[in-house]
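>>> Next one to model:
(chains A, B, C and D)
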4 protein chains.
Amino acid sequence: MDFQHSARSLELQDRVRQFMRTHVEPVEELYYEQVKPEAARYKTPQILQDLKRLAREQGLWNLFLSGEHGPGLSNLEYAPVKEIMGRILWAPEVFNCSAPDVGNMEVLANYGTKAQQERWLKPLLEGRIRSGFSMTEPQVASSDATNIQCAIKRDGDDYVINGRKWFTSGAMNEDCEILIVMGKTAPDDPDPDRHRQQSMILVPKATSGVRIVRDMLTYGYDDAPVGHPEIVYDNVRVPAENMLLGEGRGFEIAQGRLGPGRIHHCMRLIGCAQRALELMCQRSVSRVAFGKPLAEQGSVREDIAHSFCEIAQARLLTLQAADKMDREGNKAARDLIAAAKIVVPSMAARVIDRAIQIHGAAGVSQDTFLARAYVYARFIRIGDGPDQVHLAAVGKELIKRGGVMG
Amino acid sequence: MDFQHSARSLELQDRVRQFMRTHVEPVEELYYEQVKPEAARYKTPQILQDLKRLAREQGLWNLFLSGEHGPGLSNLEYAPVKEIMGRILWAPEVFNCSAPDVGNMEVLANYGTKAQQERWLKPLLEGRIRSGFSMTEPQVASSDATNIQCAIKRDGDDYVINGRKWFTSGAMNEDCEILIVMGKTAPDDPDPDRHRQQSMILVPKATSGVRIVRDMLTYGYDDAPVGHPEIVYDNVRVPAENMLLGEGRGFEIAQGRLGPGRIHHCMRLIGCAQRALELMCQRSVSRVAFGKPLAEQGSVREDIAHSFCEIAQARLLTLQAADKMDREGNKAARDLIAAAKIVVPSMAARVIDRAIQIHGAAGVSQDTFLARAYVYARFIRIGDGPDQVHLAAVGKELIKRGGVMG
Amino acid sequence: MDFQHSARSLELQDRVRQFMRTHVEPVEELYYEQVKPEAARYKTPQILQDLKRLAREQGLWNLFLSGEHGPGLSNLEYAPVKEIMGRILWAPEVFNCSAPDVGNMEVLANYGTKAQQERWLKPLLEGRIRSGFSMTEPQVASSDATNIQCAIKRDGDDYVINGRKWFTSGAMNEDCEILIVMGKTAPDDPDPDRHRQQSMILVPKATSGVRIVRDMLTYGYDDAPVGHPEIVYDNVRVPAENMLLGEGRGFEIAQGRLGPGRIHHCMRLIGCAQRALELMCQRSVSRVAFGKPLAEQGSVREDIAHSFCEIAQARLLTLQAADKMDREGNKAARDLIAAAKIVVPSMAARVIDRAIQIHGAAGVSQDTFLARAYVYARFIRIGDGPDQVHLAAVGKELIKRGGVMG
Amino acid sequence: MDFQHSARSLELQDRVRQFMRTHVEPVEELYYEQVKPEAARYKTPQILQDLKRLAREQGLWNLFLSGEHGPGLSNLEYAPVKEIMGRILWAPEVFNCSAPDVGNMEVLANYGTKAQQERWLKPLLEGRIRSGFSMTEPQVASSDATNIQCAIKRDGDDYVINGRKWFTSGAMNEDCEILIVMGKTAPDDPDPDRHRQQSMILVPKATSGVRIVRDMLTYGYDDAPVGHPEIVYDNVRVPAENMLLGEGRGFEIAQGRLGPGRIHHCMRLIGCAQRALELMCQRSVSRVAFGKPLAEQGSVREDIAHSFCEIAQARLLTLQAADKMDREGNKAARDLIAAAKIVVPSMAARVIDRAIQIHGAAGVSQDTFLARAYVYARFIRIGDGPDQVHLAAVGKELIKRGGVMG
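I've put the predicted structure just below:
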């Protein structure tokens, strides 16, 4: 047992930290400024384009990918790097490491045909286009993915897609060209195995019948230039070869995709929480109330100490899940991943909320990153499966094993 | 002891409830639609103007005021009425019962000169103009109001005001014509009594030197058409008769104003929490996950039961504070008011947050009132004094009294 | 609506408070001293006998009972009196107001035959004997009372009882002469209505076959001289006229008994919590750490303020439940009673736990009443139905009513 | 970074686990039975003597010690072994690894003279005698150890000790022969450095003037045969060579002693929490309520899942602290040790409390280990420094470092 990161991970952490400090932190606000004009709302801002080029030149690119595409970091090595990127909400894209593109690239790399990879994976790897993942539906409890109703129907050499999705993250962006859509391939003839009714299919955003209805807000944010639109698929016709892996294999793909994705969200949120903790400390020495600095007030110190304890623990749990994925595979690590998914978003929301309180009115405003970060943390308590679903799954599994988790 | 409301209060509750159902609920969204266009952002929407006229015609107007201005409800009678209004975030203004106007009208009624009342109180009572309350400053911990730095300097027959304020609620609105500004009247010659350094003064928004710098966001919301702008007061000159009550009496006015204002916020938040509870119950029967309705899942039932228990308790505490104000005055009720201010915003945020979780993605979006209501509740944990300040005050007082509060 | 107690209740509160201060508080420890010797363990201590005589002389006796037996206080009037008695754990018996005797006396008064009343109610009302209530069983989840297995079988003119019970509070005491036992009257022929299988029957403790196996501890306390023994009923034969109300009516009796009993436990616990709050305040001014009194430390003040807020709210909720029982009956008040039962024991445990922390080692020891009071509060989170059962019931009912509780 | 234990630690874990299962678990209750008779109350029970001999024969002895005395495990290797021992509250002594003996042996090994080691360390290492640590005082807030008042006064070739201590763990036991006493060496001439006023001195329990006043209870437990008595030191005279390290060096010794001691308590508590989790899982499948096993009820699953997440995190944090002690020394690890001390006792109390709730009446009784384990966890929130002290220290340090802990 060893709590020190590998040399390779430490070196990469240093390089990414340096890049963040030098190039990203100074322009954090500029990014939001550049998308403020109505006309520029969902264009990729110039500053992001510049930073992507720079990061790619420096080899800080596609860090999660192995083989020809990237440095081949293990999950355990990649995780702390992701924490560093996570400190600025829009920074992961600088390194082509943002959701949902990372997950979509993994899906294409693992399950895509050569032709699918050539057409979509290649430009994604180069950061030339972006992608969306269209799963959640407004009419059903999508936390139980067997509820998903969107119809994907074979019709000759095509599939025809009809359904309504929302919170398709990234799909408002003008560079988003490809959507992975999950739906039922046999809605009228239910497979007795409810986990083989769903499929995933590639739908170019420009296809006729793909109608972006509106952008969804999260607590007042439209998250431009990314966006999470509601999309109607109205008799959308794509060639049969756009099917991923095969009919009825949507859950199989989803499972492969979700494990690492959850760890990435967790590490980004730990980055947010850590930054919130640092902001709390800084704020506490800069403000005086009732005759002494906040830093000398008992409840402020306790908030800071609790936050440290919670972050430190959540980080270790997430790293342990990453390590188990590396050693024994995503499936064996399922319960630890779920545990991290249960723990981290709540923890981050709580820590950030304390930081907001210590910042007073500034904390809820646009003058700190805190309110945005809170909303991200809060959203992830719902996204990728609400807390309750993971709690029930972990509880059930533990009971089966008598409370001992391998 | 009696837990039944008076006949007068019950009758008024019925009338307001009826008005809300018939006239306000059906147009809740229309209000936001009407202020969506950039050009209409901070205009009073037509629907609000119509509703105000209607409410006034029906005598549901200025309900908090006594004597010639209103029905003279006690705090205990007014509180449940305010809860009903509070269920829709923008509804209190329909009845001319919105913050900060209510507080400002009370200040003018209690401390204003005849001339000040004629010029500003009258149009406020008629709902023709709106007002702002300019207290919080970005550069200091305004939770300790003795920190406030804005300078109000006598110069001949005028006062000259220099300072920077933010979160001056309502001041973005085009109908806002008058600002009450708190500042130091003797910044260079500090009174040894730190609670006699501050004054309040009337500043017409149109005065030269009043510069609205920007609107402040709260978690992504600009709260149009109300707004909470940052305002620079740059050599703003007003006649000496605009001073309220007299130099150095700012705290005295603030104290009188804050008690009822806190109870009003609490009751509105209880209305929000109660509505969130009802939405949870409705949602839980409309959605099925993992083979059964949410309504039959243990953790959903527990969330609902806890929410009921917390709302019921918080409501009683707030009503008891209102009753004590009626019986023994605002000062005697200070600790109970602080207790309500400690309890209610946290409770409301917690209950609404549970409702968000049960609503999934819809809960964080614009499709329910939940995300906005959460932000209101969260903001009040900071506004009118952060939790920590009230906790410290109540704790100190209790220790003095050996734990027994009269 | 009125938050002032009635004159009659206030007067009685004063008298009981005075009695507690003068006669009970000074001998709080003496009571425990008198039962310390092994031989005296379950004898009624002399001091208690003396105090009972005195209280009876002063008319502070059977305060919960109406008609010929007592002053006929309403639940709302009795509740604050019970809070005052509750401040010392063994004090309610001084006034013949202790569990389970109060509940048993009510059962006998409401459902007993003349003969049963003459034989058992009379000496109980006079405080000459005590009683036990034998319901919970070690082998089944008794939180669901339909699980109860103890067999009560008709055999000629007798019933024969076989079963194992535990936590029969009071039954260790040498003055305990009568037990009310709940069991199945038709174990082999299950009534399709599971709520009509159980009956209650009177079993004199001296009956042959009633075997006290051992005393149960709660966290190290044997609660002498009261005790909560495990009892085996081994072919215990009692005359048929000992049946209460009739076969299959056990639930009916239980329901009538439980409502007021829960309110009484809640009020006693509020008394404990209030006393713990007062002890916290006293302690905080008597101890200095790290250069200043605890009273000036932020986290201590916050603990005290939170405790006050929680006690105040829980008290109001319990009083409202009592008021509803008075107005509309126990059944209509069921959900409010459950809400109080959910809220109060947890609240009391939390407040007392804070007081323990502020008292340091003294807090967990025999030198304050805190550890005992904590255990009482903690036990009531299980006794009379665990939290989870009440939460599920309240949640289910609220969902049915759309979140609106009359 | 590596989350696998070393081969040596794994092998030792296996051996200790095997020993616990084979020899200790079957006699868990027998231990308490053997000390039940009043006369045997504070004698070392025969079963413990037998097990100690057996463990020593098998080389499972003094596992925390290095060099000639033990296997020289690192803190990181020892920690998981301690977790296994911790599952039974009295088991650590079987392996001569119990508090306060371990700490006292370390003090003697590190700071004792040859003579002191010969006289006291040797029999302690052999498990022939036991020891006490006499620090906390009833009259002052001992959480701030500079408050300690016990006087240790030089008088010729002796020191004379006067003071009152309590919670001197282990000192009731008849095998306890030596006490380490902390007190002020210069009470009347306060050193300006408050951290150099205290000294530690060896006091044989048999010395004249050492008066055991009474045993202190914790929540009703006397913890026989260990005990935590109150001791009066009444003109107790010991030779000057009994001073440890030198006058005024008490804090220096305390610091060295406390770090590992806290980690040991944390690991024992993690063992308790883990066992409680396993008991919850077992219980949940054995009981049916309201028509289905507890194991299928949502809130039970959530309790179990939360408990797992909390235990897993707390264990990692504690192991990281142990690792840092090994790498960089106790002083560098101070903040991580404090973090573990903040997190673990609360976590264990919370998890055990959930297990109690799921066990119903059995959970609070003598029929499970839960109530005792809860009291141990709760006590450690006060012992070795209350939570508030550690929170304040960690908070202060973090603020100094801007929120970044190395």
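>>> can you give me the strands in the stretch 251-400 of chain A?
Taking DSSP state E, counting those that start in this stretch, the strands of the stretch 251-400 of chain A run over residues A:288-289, A:292-293.
>>> show me what contacts A:Ile263?
A:Ile263 makes contacts with A:75, A:79, A:318, A:321-322, A:325, A:337, A:340, as judged by Cβ atoms under 8 Å, 6 or more residues apart in numbering or on different chains. Backbone N, C-alpha and C define where each C-beta goes, glycine included.
>>> Let me know the closest of those to A:Met20.
A:Ala79 (16.1 Å; Cβ to Cβ).
>>> Could you single out the most deeply buried of the strands of the stretch 251-400 of chain A?
Stretch with highest mean neighbour count among the strands of the stretch 251-400 of chain A: strand A:288-289 (a mean of 18; mean count of other Cβ atoms under 10 Å in any protein chain shown).
>>> Wait, A:Arg15 touches A:Leu63, no?
No - in this structure, A:Arg15 is not within contact of A:Leu63 by Cβ atoms under 8 Å, at 10.1 Å.
>>> May I have the strands that pair with whichever strand or helix holds A:Ile161, each with its orientation?
In the assignment (DSSP states H and E), A:Ile161 maps to strand A:158-165. Strands that pair with strand A:158-165, judged by DSSP bridges, come out as strand A:151-155 (antiparallel), strand A:229-239 (antiparallel).
>>> Tabulate the ones you listed (CSV), appending distance to B:Asp144, mean pLDDT and mean neighbour count.
Below are these laid out as CSV (distance: least, Cβ to Cβ, whole Å; pLDDT from 0 to 100; neighbours: other Cβ atoms under 10 Å in any protein chain shown):
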stretch, distance to B:Asp144, mean pLDDT, mean neighbour count
strand A:151-155, 61, 96, 17
strand A:229-239, 45, 98, 19
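>>> For D:Gly86, which of those strands is the nearest?
strand A:229-239 (53.3 Å).
>>> In chain A, which residue sits closest to chain B?
A:Gly220 (2.9 Å; Cβ to the nearest Cβ).
>>> which residue packs closest to that residue, ignoring adjacent ones?
B:Gly220 (2.9 Å; Cβ to Cβ, 6 or more residues apart in numbering or on different chains).
>>> same thing with A:Ala339?
Spatial nearest neighbour of A:Ala339, excluding adjacent residues (Cβ to Cβ, 6+ apart): D:Cys309 at 4.8 Å.
>>> which residues touch the one you found?
A:317, A:339, A:342-343, A:394.
>>> From the residues you listed, pick the one nearest chain D.
Nearest to chain D among the contacts of D:Cys309: A:Val394, at 4.0 Å, using Cβ to the nearest Cβ.
>>> How confident was the prediction at that closest one?
On pLDDT, A:Val394 comes in at 97.
>>> Nearest residue to it in space, please, no chain neighbours.
Leaving aside its chain neighbours, A:Val394 sits nearest to D:Ala305 (4.0 Å; criterion: Cβ to Cβ, 6+ apart).
>>> What is the neighbour count of that neighbour?
For D:Ala305, the count of nearby residues is 26 (other Cβ atoms under 10 Å in any protein chain shown).
>>> I'd like the strands paired with strand A:158-165 laid out as CSV, including distance to A:Arg283.
Listed next are the strands paired with strand A:158-165 as CSV, based on distance: least, Cβ to Cβ, whole Å:
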stretch, distance to A:Arg283
strand A:151-155, 51
strand A:229-239, 36
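>>> Could you list which residues are in contact with the residue nearest to A:Gly220?
Contact analysis of B:Gly220 by Cβ under 8 Å, 6+ apart lists A:217-222, A:371-372, A:375.
>>> I'd like to check what contacts stretch A:38-51. Which residues are they?
A:23-24, A:27, A:30-31, A:34-35, A:90, A:93-94, A:172-175, A:222, A:224-225, A:227, B:38.
>>> Next: stretch A:8-23.
The contact list for stretch A:8-23, computed with Cβ under 8 Å, 6+ apart, reads A:5, A:51, A:54-55, A:58, A:60, A:63, A:71, A:73, A:76-78, A:80-81, A:84-85, A:87-88, A:91, A:94-95, D:1.
>>> Is there a quick ChimeraX command that grabs whichever of those residues are buried?
Filtering the contacts of stretch A:8-23 down to the buried ones (16 or more other Cβ atoms under 10 Å in any protein chain shown) takes a single ChimeraX command:
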select /A:5,51,55,60,63,71,73,76,77,78,80,81,84,85,87,88,91,94,95 /D:1
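>>> Where does the prediction get shaky in the stretch 201-350 of chain A?
In the prediction, the stretch 201-350 of chain A carries no residues with pLDDT under 70.
>>> Point out the residues in it that sit beside chain B.
A:216-222, A:287-290, A:294, A:297, A:299-300 (Cβ under 8 Å from any Cβ of the partner chain).
>>> Tell me which two of these sit farthest apart.
Maximum pairwise distance among these (Cβ to Cβ): 42.5 Å, between A:Met216 and A:Phe290.
>>> between the two, which one's more packed in?
A:Met216 (25 against 15).
>>> So A:Pro229 is in contact with A:Arg214, correct?
Yes - the pair formed by A:Pro229 and A:Arg214 meets the contact definition of Cβ under 8 Å, at 6.5 Å.
>>> Indicate the residue of the stretch 101-250 of chain A located nearest to chain C.
Of all residues in the stretch 101-250 of chain A, A:Ala141 sits closest to chain C, at 15.9 Å by Cβ to the nearest Cβ.
>>> What about that residue, how many residues nearby?
If you count neighbours by other Cβ under 10 Å, A:Ala141 ends up with 22.
>>> Would you mind listing the residues in contact with it?
Each residue near A:Ala141 by Cβ under 8 Å, 6+ apart is listed here: A:147, B:287-289, B:294, B:360.
>>> so what's the backbone phi/psi at it?
phi -70, psi 90 (degrees, to the nearest 10).
>>> that older thread, list the buried residues in the strand holding A:Ile161.
For strand A:158-165, the neighbour count (16+ other Cβ under 10 Å) marks A:159-165 as buried.
>>> can you put these in a markdown table and add pLDDT and distance to D:Leu398?
A markdown table is the format used below for the buried residues of strand A:158-165 (pLDDT from 0 to 100; distance: Cβ to Cβ, whole Å):
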| residue | pLDDT | distance to D:Leu398 |
| --- | --- | --- |
| A:Tyr159 | 98 | 55 |
| A:Val160 | 98 | 58 |
| A:Ile161 | 98 | 52 |
| A:Asn162 | 98 | 55 |
| A:Gly163 | 98 | 49 |
| A:Arg164 | 98 | 48 |
| A:Lys165 | 98 | 44 |
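>>> Looking at the residues you listed, which is nearest chain D?
The nearest member of those to chain D, counting by Cβ to the nearest Cβ, is A:Lys165 at 28.4 Å.
>>> For the nearest residue to that closest one once chain neighbours are set aside, the count of nearby residues, please.
Nearest non-adjacent residue to A:Lys165, counting by Cβ to Cβ, 6+ apart: A:Ser134, 4.4 Å away. A:Ser134 has 29 neighbouring residues, counting by other Cβ under 10 Å.
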